[in-house]
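Next one to model:
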Amino acid sequence: MRMTDLRAGWAVLGNDGRRLGSIKAVGQNYILTSRPGFAGDLYVPVSSVANVTSGAVHLNITARDAEQMGWEQQPRDEEEFEAGSDTDPQRHI
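Next comes the predicted model:
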């Protein structure tokens, strides 16, 4: 299954079977996952995906571990990262 096959609303599950949340959007290298209640969204990297079935994404870590990984901020694009490093006037060599 390709990233483009994933759909909003599908479940995102830890390898412990616990539901982390639902797919909100899919980026090139991450799955934006909305969590229930007041918990913020998570940008789950595709490297943490173990398996995809129809309607669910299964991670290679537990849901609890995923919640503690610091995935609350959107990852930077590699292109953005490379462009940003060359144009930084405070950059020291």
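
Now do the residue sitting nearest the centre point of the chain, the pLDDT please.
With distances taken as Cα atoms, centre = their mean, the residue of the chain nearest its centroid is Val44 (1.7 Å). The pLDDT attached to Val44 in the predicted structure is 96.

Now it: closest residue in space that isn't a chain neighbour?
Ile31 (4.7 Å; Cβ to Cβ, 6 or more residues apart in numbering). For the C-beta atoms, the positions are set from N, CA and C on the backbone; glycine is no exception.

what about the one you found, helix or strand, and which?
strand 30-34 (DSSP states H and E).

what's the answer for Arg64, then?
helix 63-67.

quick one: contacts of that helix?
13-14, 16, 18-20, 35, 39, 42, 44, 48, 59 (Cβ atoms under 8 Å, 6 or more residues apart in numbering).

Same list, those, but as JSON lines with distance to Met69 please.
Shown next, in JSON lines, are the contacts of helix 63-67 (distance: Cβ to Cβ, whole Å):
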{"residue": "Leu13", "distance to Met69": "15"}
{"residue": "Gly14", "distance to Met69": "11"}
{"residue": "Asp16", "distance to Met69": "15"}
{"residue": "Arg18", "distance to Met69": "15"}
{"residue": "Arg19", "distance to Met69": "16"}
{"residue": "Leu20", "distance to Met69": "11"}
{"residue": "Arg35", "distance to Met69": "13"}
{"residue": "Ala39", "distance to Met69": "13"}
{"residue": "Leu42", "distance to Met69": "8"}
{"residue": "Val44", "distance to Met69": "8"}
{"residue": "Ser48", "distance to Met69": "8"}
{"residue": "Leu59", "distance to Met69": "10"}
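
Could you pull out the strands in the protein for me?
Assigned strands in the chain, in chain order: 11-13, 19-26, 30-34, 42-45, 49-53, 56-59 (criterion: DSSP state E).
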